[in-house]
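>>> Let's see this in three dimensions:
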Amino acid sequence: MAPNINPTLPLLLLLLLFTLHLSSVSAWKKEEFRTCNQTPFCKRARSRKPHSSSLFATDVAILDGALTANLRQPPPESPDQDQIKPLLFTLSVNQNGVVRVKIDEDPSLDPPKKRFEVPDVVLPEFESTKLWLQRFQTETVDGDSGPSSVVYVADGYEAVLRHNPFEVYVREKQGKRRVLSLNSHGLFDFEQLRVKQEGDDWEERFKGHTDVRPYGPQSISFDVSFFDADFVYGIPEHASSFALRPTRGPGVDDSEPYRLFNLDVFEYIHDSPFGLYGSIPFMLGHGKARGTSGFFWLNAAEMQIDVLGSGWDAESGILLPESGGRIDTLWMSEAGIVDTFFFIGPGPKDVVRQYTSVTGTPAMPQLFSTAYHQCRWNYRDEEDVENVDSKFDEHDIPYDVLWLDIEHTDGKRYFTWDRVLFPNPEQMQNKLAAKGRHMVTIVDPHIKRDESFHLHKEATSKGYYVKDATGKDYDGWCWPGSSSYPDMLNPEIRSWWSEKFSLKNYVGSTPWLYIWNDMNEPSVFNGPEVTMPRDALHYGGVEHRELHNAYGYYFHMATSDGLVKRGDGKDRPFVLSRAFFSGSQRYGAVWTGDNTADWDQLRVSVPMILTLGLTGMTFSGADVGGFFGNPETELLVRWYQLGAYYPFFRAHAHHDTKRREPWLFGERNTELMRDAIHTRYALLPYFYTLFREANTSGVPVMRPLWMEFPSDKATFSNDEAFMVGNSLLVQGIYTEQVKHASVYLPGGQSWYDLRTGIIYKGGTAHKLEVSEETIPAFQRAGTIIPRKDRYRRSSTQMANDPYTLVIALNGSHAAEGELYIDDGKSFEFKQGAYIHRHFVFSDGKLTSSSLVPNAGRTLFSSACVIERIIVLGHSSGPKNALIEPSNRKAEIELGPLWLRRGKSAPVLTIRRPNVPVADDWTIKIL
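Prediction:
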């Protein structure tokens, strides 16, 4: 058992620890975290010159439906050099244009241990889509003296294994134009595990911490090239531009690589490649010439990635086939294996579908969780909760979820309540539930080392904690003081953890309570770089360095599974996690962490959330108002106006900030924030439909402009505007007291101002007047958006309210859209219990038809009707519309675009058609 710090440790020492920790909150302490030069594997990889790799492929064959080979290098030139053992190479092909390349040490050559392969990320069903290769062709490429092996990937695409020098790439069959390649620049390096010999000094030291590295250096690095790409995107999480900037090359001075290493970073700075709370090693290249491609490295160790600027290799003498633009990148990881995926696209949505076919599509959220959340560290007690709840009603502001941070617990012991401050937690939750509202409490991974705490006693007795390098329970410091951390890599321990969320075990919880996982990078206040030592030990002898970036993922998974178990498999979970990894989208939502109340942080929230969505994590948002600091009122209002379009919409604040609920800033500002929240609630049917699209296809709710307009170069580096689905374009206001904004509206069709209905030409930038009332938002011509225009206390209370359809006609006087409805909470939609309507307006007629397979049409029903149909871009002459098959008429009038908003020009409105939302019908304008 690990040395246990006495729980009666003098209060002064405890206060000192937390004072030191919280002092870092006031400013990010860069020196607490390693740079590339302080990270030996990164420094080594960056120092290598192009074509320094001498690997070549031998023994090429087809085995178990895959192309296999041994990767060797020539004998060492001197006896002092190590002879590298052959590496095993496997290339497999899956349906829909996915190529998987794995490179590992050969187990038959008796390595000191098995290198770590990240489990439970790749979907089991992905394995069933493997195409069993029967043969390969050989040809000579690029003037080589020897052959290369070529295999089929998909119609029009091939994968090529170049034998000598070793290289692998995907190309178009016609014209043999490359799409993606690995090791084109000969930067591949694979440090093999070794047994420590006398005299070997493998220890690494940083800030008083020593990493013993028992198997020596074990890093992997290689170059990846994206052909016909104008920009590359992805690899969250960084507070930086959406299009990734070069980190090395001519004109780039002293830049760090993009780091992927999950860390608890206080008050992070914007415009930085520094790694934050989560890591998704998935990059996309996009260009006008060809479209989109993607590359994913399944590896949970620390990773550093260079984007290499044009001309970086000018002195290398390498000449790659040129077919337009090419972006080279260098991928470096401390440990693991090569387990990489090439996605051929060619469209941006194709690449996202291909990636989520490997790691899973986003979970379908409960409807309430897509509405507005109110959070603070901390709502003090039950009286405070009741007061905040009643004030929302008093000021006619809807909300769905009230959150409690760490102070609600009994001494930072999770799954407990401070019974002085929260004596009746069930009653408190039931009062919220009576209004259709929910509560979220925080459950972090650090367990207080207190012999009187049942959770700690049980985890200790079962041996469920992560171990230190000596095999004792790892003891680190976090909010409770001395803490230990469950080993979530172990499926048995994840199952044990999930049982803690049952109503019986989590005393004081109700079915209306959901969970927030914070600090799960994991955060360790006295650890190296505020996290767990790399030589800590997990299930199966895996070192923490090998799985660090996935620790929070497994914790998120176990918590989500716990909520599913609590509801006997009937209730969709809601879990917000700060740390994440590839696949986290299957288990809930994430947010961008501890941001700051300033305009730059408002601006950077957009590329951060866009990047998360592009890499699978569509259910994401940023703390509205900024977690640290006190936002000026104008900033807070602008943040609500932008945050209303985030997929995850939550206001949150640090306990040292002034209270900032929406009614505390004067009547006019309350009105503006209320209006922003009302906008979100009106658009909930549209958002929920988009979440279902994400759930089925992986295509994100919040999208870059180029996802909808992939050939429009003006959209490729736009950081300020985004699409919500395919129908809405939104651009924030990121500067105080601004009077005008330039907004680029892409495409050949027109756009309608979301608030006023005024029409704007597409394919050009518009200089628009900016008012305090709203931020620029537009509906794309040719689309139909569903709304609910009656305001209630919560989304739950809107369930039976009627719908409004807003039809924005294009130049052909046509439009289409969709509406998805289910019960908003259960898993029955997976059995077909849902309504999915397709609306088409053409030739003056609106048609509603079902997208549900026939077998599922009777499994879910709704009594809701459509009570208003607004047609933008139609002449104002008609007076009536004919509804079929009921053969009745509905009146047409000029009415407001929004019922409870400011002035707008009257628009053509079909009043009270009252057609059932679940039925087939047509409405013809007479």
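>>> As a check, name the ranges of all helices in the stretch 351-500 of the chain.
382-394, 425-433, 454-462, 491-499 (DSSP state H, counting those that start in this stretch).
>>> Now do the longest one, average pLDDT.
Okay, so that is helix 382-394. Across helix 382-394, pLDDT averages out at 98.
>>> quick revisit: can you put the helices of the stretch 351-500 of the chain in TSV and add mean neighbour count?
Using the backbone N, CA and C atoms, a C-beta is placed for each residue, glycine as well. Formatted as TSV, the helices of the stretch 351-500 of the chain follow (neighbours: other CB atoms under 10 Å):
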stretch	mean neighbour count
helix 382-394	15
helix 425-433	19
helix 454-462	15
helix 491-499	17
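>>> So which bits of stretch 53-66 are buried?
By 16 or more other CB atoms under 10 Å, the buried positions in stretch 53-66 come out as S53, L55, F56, A57, V60, A66.
>>> And the helix or strand hosting the fifth one, what does it pack against?
By that I understand V60. Element membership of V60 [criterion: DSSP states H and E] is strand 56-63. Under the contact criterion of 3 or more CB pairs under 8 Å, 6 or more residues apart in numbering; DSSP states H and E, strand 56-63 touches strand 66-72, strand 157-162.
>>> Return the most buried member of those strands.
Neighbour counts (mean count of other CB atoms under 10 Å) averaged over each of the helices and strands packed on strand 56-63 peak at strand 157-162, with a mean of 23.
>>> which is the next helix or strand following that one?
Counting by DSSP H and E, the next helix or strand C-terminal to strand 157-162 is strand 167-172.
>>> Note down every partner strand of that next one and its orientation.
strand 157-162 (antiparallel), strand 178-182 (antiparallel) (DSSP bridges).
>>> OK, contacts around V351?
Residues near V351 by CB atoms under 8 Å, 6 or more residues apart in numbering: L284, T292, S293, G294, F343, G345.
>>> Can you tell me the SS state at the last one?
Spelled out, that is G345. Per DSSP: H, G, I helix; E, B strand; the rest coil, the local secondary structure of G345 is coil.
>>> Grab the nearest non-local neighbour of it.
Take G345 and drop its neighbours on the chain: the residue closest to it by CB to CB, 6 or more residues apart in numbering is T292, 4.3 Å away.
>>> For the one you found, give the beta-bridge partners.
Assigned bridge partners for T292, using DSSP bridges, are H286.
>>> count of residues packed around it?
The tally of other residues near T292 (other CB atoms under 10 Å) stands at 27.
>>> Repeat that for F261.
With other CB under 10 Å as criterion, F261 counts 21.
>>> quick one, phi/psi of it?
With angles defined as degrees, to the nearest 10, F261 sits at phi -160, psi 110.
>>> Would you mind measuring from D264 to E521?
5 Å (CB to CB, to the nearest Å).
>>> same question, M707
29 Å.
>>> Tell me which of those two has more neighbours.
Using other CB under 10 Å, the more surrounded residue of M707 and E521 is E521, with 29 against 24.
>>> closest one to Q304 among the helices of the stretch 351-500 of the chain?
helix 491-499 (29.3 Å; CB to CB).
>>> roughly how far is that closest one from the heart of the chain?
24 Å (CA atoms, centre = their mean, to the nearest Å).
>>> Stretch 152-168 too?
That offset, for stretch 152-168, works out to 31 Å (CA atoms, centre = their mean).
>>> Just the CA atoms of it, as CSV, please.
Output in CSV follows, covering the C-alpha atoms of stretch 152-168 (Å, rounded to 0.1, in the frame of the first residue of the first chain):
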residue,chain,number,x,y,z
TYR,A,152,-7.1,-2.2,-54.7
VAL,A,153,-8.6,0.3,-52.3
ALA,A,154,-11.9,1.5,-53.8
ASP,A,155,-13.2,2.3,-57.3
GLY,A,156,-10.6,4.7,-58.7
TYR,A,157,-8.0,4.3,-55.9
GLU,A,158,-5.0,2.1,-55.1
ALA,A,159,-2.5,1.8,-52.3
VAL,A,160,1.1,1.5,-53.1
LEU,A,161,3.9,-0.1,-50.9
ARG,A,162,7.2,1.2,-52.3
HIS,A,163,9.8,-1.4,-51.3
ASN,A,164,13.1,0.6,-51.4
PRO,A,165,13.1,3.2,-50.1
PHE,A,166,10.2,2.2,-47.9
GLU,A,167,7.1,4.4,-48.5
VAL,A,168,3.4,3.8,-48.5
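>>> what's the overlap in contacts for D264 and E521?
Counting by CB under 8 Å, 6+ apart, the contacts common to D264 and E521 are Y277, T531.
>>> For the stretch 151-300 of the chain, which segments count as strands?
Secondary structure of the stretch 151-300 of the chain by DSSP state E, counting those that start in this stretch: the strands cover 157-162, 167-172, 178-182, 189-190, 204-206, 209-211, 220-227, 231-234, 258-260, 282-287, 291-297.
>>> Is it possible to get JSON lines of those that adds mean pLDDT?
Compiled in JSON lines, the strands of the stretch 151-300 of the chain are given as follows (pLDDT from 0 to 100):
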{"stretch": "strand 157-162", "mean pLDDT": "98"}
{"stretch": "strand 167-172", "mean pLDDT": "98"}
{"stretch": "strand 178-182", "mean pLDDT": "98"}
{"stretch": "strand 189-190", "mean pLDDT": "97"}
{"stretch": "strand 204-206", "mean pLDDT": "94"}
{"stretch": "strand 209-211", "mean pLDDT": "94"}
{"stretch": "strand 220-227", "mean pLDDT": "98"}
{"stretch": "strand 231-234", "mean pLDDT": "98"}
{"stretch": "strand 258-260", "mean pLDDT": "98"}
{"stretch": "strand 282-287", "mean pLDDT": "98"}
{"stretch": "strand 291-297", "mean pLDDT": "98"}
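>>> Please identify the helix or strand for the spatially most central residue of the chain.
In the chain, the C-alpha nearest the mean C-alpha coordinate belongs to M617, at 2.4 Å (CA atoms, centre = their mean). Here M617 is covered by no helix or strand, with elements defined by DSSP H and E.
>>> isn't it right next to T361, touching?
No: counting by CB atoms under 8 Å, M617 sits too far from T361 to count as a contact (11.3 Å).
>>> circling back: what pLDDT does the residue nearest to the centre of the chain get?
Looking at M617, its pLDDT stands at 98.
>>> Make 337 the first number, not 1, from now on.
Happy to do that; since the first residue is 337 now, the last one works out to M953.
>>> where's it relative to R689, distance?
Separation of M953 from R689 (CB to CB): 15 Å.
>>> What is the neighbour count of A1077?
For A1077, using other CB under 10 Å, the count is 18.
>>> Quick check: bridge partners of it?
L1104.
>>> Equivalent analysis for S561, please.
Here S561, judged by DSSP bridges, has bridge partners S517, D664.
>>> How much space separates it from G844?
S561 sits 56 Å away from G844, taking CB to CB as the criterion.
>>> just V568 next, same as before
48 Å.
>>> which of those two has more neighbours?
V568 (25 against 20).
>>> where does L352 land on pLDDT?
On the pLDDT scale, L352 gets 46.
>>> now do the one 10 residues further on
According to the prediction, S362 has pLDDT 44.
>>> before we move on, the earlier item: need the strands paired with strand 503-508 in JSON lines (columns: distance to L757).
Shown next, in JSON lines, are these (distance: least, CB to CB, whole Å):
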{"stretch": "strand 493-498", "distance to L757": "61"}
{"stretch": "strand 514-518", "distance to L757": "56"}
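>>> Ok, which of those strands comes nearest T796?
Comparing the strands paired with strand 503-508 under CB to CB, the one sitting nearest is strand 514-518, at 45.4 Å.
>>> Residues in contact with the closest one: which ones?
Residues contacting strand 514-518 (CB under 8 Å, 6+ apart): 437, 493, 503-508, 524, 558-564, 621, 626, 629, 631, 656-657, 659, 676, 678, 680-681.
>>> Those residues, buried ones only, as a ChimeraX selection?
To isolate the buried ones among the contacts of strand 514-518 in ChimeraX, judged by 16+ other CB under 10 Å, type:
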select :437,493,503,504,505,506,507,508,524,558,559,560,561,562,563,564,621,626,629,631,656,659,676,678,680,681
